[in-house]
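# Generate a structure from the sequence data that follows.
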Amino acid sequence: MNETTYRLLATDESAPITVHNADGRSPFLIVVDHAGNAIPRSLDGLGICETECERHIAWDIGIAAVSRLVADALDATLVQQNYSRLVIDCNRPPGSETSIPETSELTSIPGNINLSEAWRAARLHEIFQPYHDRISIELDRRRRAGRPAVLIAMHSFTPVYMGVARPWQCSMLYNRDPRFARVLMALLNREEGILVGDNEPYSVTDAMDYTIPVHGERRDLLHVEIEIRQDLIADDIGQRMWGARLARLLPEAYQTLAAASVPIKRSAPERS
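Alright, predicted model coming up:
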């Protein structure tokens with residue numbers, strides 16, 4: 001196909017994002033960078049088998065269902081990205097080595113090798129940008145209305161990575177601003193049988209992350225990235241359990257900070 005006329009998504013394919021409960025009144029804005037594992041037909045499956053597309057390398061297993069349950073319980077708006085992170089990772093800075101990975105864990109991604117700038121740009125403009133534009137639109141709307149905003153980025157992680165077991169049931173991730181993460185971590189640590197990771201097995205950095213640095217830190221919003229271990233949310237029972245737990249604890253964390261007179265920002269515009 002001629003790259004100058006190349007279009008990634010056909011008109012009958014799924015939209016890159018889904019917005020659930022768009023008129024939710026909660027201060028929480030829930031976002032899911034890796035909610036889906038769809039691959040545009042034009043990419044011919046990226047040259048990998050269907051089994052690989054069901055693994056963590058393609059998406060965050062179970063987290064979309066948990067996030068929707070939390071959004072429904074709290075009357076919160078949910079913005080989720082529906083295409084596989086192997087097409088373009090919506091939590092990586094564009095142009096970074098892991099934005100469009102040629103290898104994920106030990107799996108080669110043939111459809112990502114030797115891409116031209118035009119083909120990279122198509123993925124950026126049709127999947128990455130609409131997702132982050134929608135988050136910005138929602139946060140700007142709240143700022144104009146004088147409404148508070150708390151950014152909750154939802155993810156899941158594998159129980160075992162490269163042969164190493166991970167003991168945490170969940171983890172709170174942050175970078176420069178740990179306020180909300182620390183309060184929520186303390187609440188989760190009171191739950192029976194929960195070992196909470198503190199920036200484990202990942203941490204948020206400018207080089208490796210996009211959503212929290214851009215939409216949370218630059219706007220000076222309360223925020224946290226929540227990671228839940230995938231074996232705990234692989235089925236409906238686990239999803240409902242974690243959905244109910246977070247729906248109970250997120251407002252408590254918010255109220256704790258409010259009672260401590262921690263400033264609750266009104267979603268200032270992103271700083272350049």
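
# In the protein, spot the helix with the most residues.
Longest helix in the chain, counting residues (DSSP state H): helix 236-259.

# Show me what counts as buried in that one.
Judged by neighbour count (16 or more other CB atoms under 10 Å), helix 236-259 contains these buried residues: 238-239, 242-243, 245-247, 249-251, 253-254, 257. Bear in mind the C-beta positions are built from the backbone N, C-alpha and C, glycine included.

# how about those residues in TSV, adding distance to D209 and pLDDT?
Formatted as TSV, these follow (distance: CB to CB, whole Å; pLDDT from 0 to 100):
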residue	distance to D209	pLDDT
G238	26	98
Q239	25	98
W242	22	98
G243	24	98
R245	24	98
L246	21	98
A247	25	98
L249	23	98
L250	21	98
P251	25	98
A253	21	98
Y254	22	97
L257	22	95
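
# now, which of those residues sits nearest L86?
Q239 (23.3 Å; CB to CB).

# Can you name every helix or strand that the longest helix of the chain contacts?
Counting by 3 or more CB pairs under 8 Å, 6 or more residues apart in numbering; DSSP states H and E, the packing neighbours recorded for helix 236-259 are helix 63-74, helix 179-189, strand 222-229.

# out of the ones you listed, nearest to L139?
Per CB to CB, nearest to L139 of those: strand 222-229, 10.8 Å.

# list the helices and strands that closest one packs on?
Strand 222-229 packs on strand 150-157, strand 170-173, helix 179-189, helix 236-259, going by 3+ CB pairs under 8 Å, 6+ apart.

# separation between H132 and W168?
With distances taken as CB to CB, to the nearest Å, H132 is found 28 Å from W168.

# okay, the two: which has more neighbours?
Ranked by neighbour count (other CB atoms under 10 Å), H132 and W168 place H132 first, with 21 against 18.

# residues touching that one, list them.
Residues in contact with H132 (CB atoms under 8 Å, 6 or more residues apart in numbering) are 90, 210-211, 214-215.

# Among those, which one has the most neighbours?
Neighbour-wise, the contacts of H132 (other CB under 10 Å) top out at C90, 27 neighbours.

# can you give me the helices in the protein?
Counting by DSSP H, the helices of the chain are 50-53, 63-74, 117-123, 129-145, 179-189, 211, 236-259.

# Other residues contacting the fifth one?
Going back to what we said before, that points to helix 179-189. By CB under 8 Å, 6+ apart, the list of residues contacting helix 179-189 reads 150, 170, 172-174, 194, 196, 198, 222-226, 249-250, 252-254, 256-257, 262.

# So for S156, which of the helices of the chain sits nearest?
Judging the helices of the chain by CB to CB, what sits closest to S156 is helix 63-74, at 4.3 Å.

# give the contact list for V70.
30, 76, 78, 152, 154, 243, 246-247, 250.
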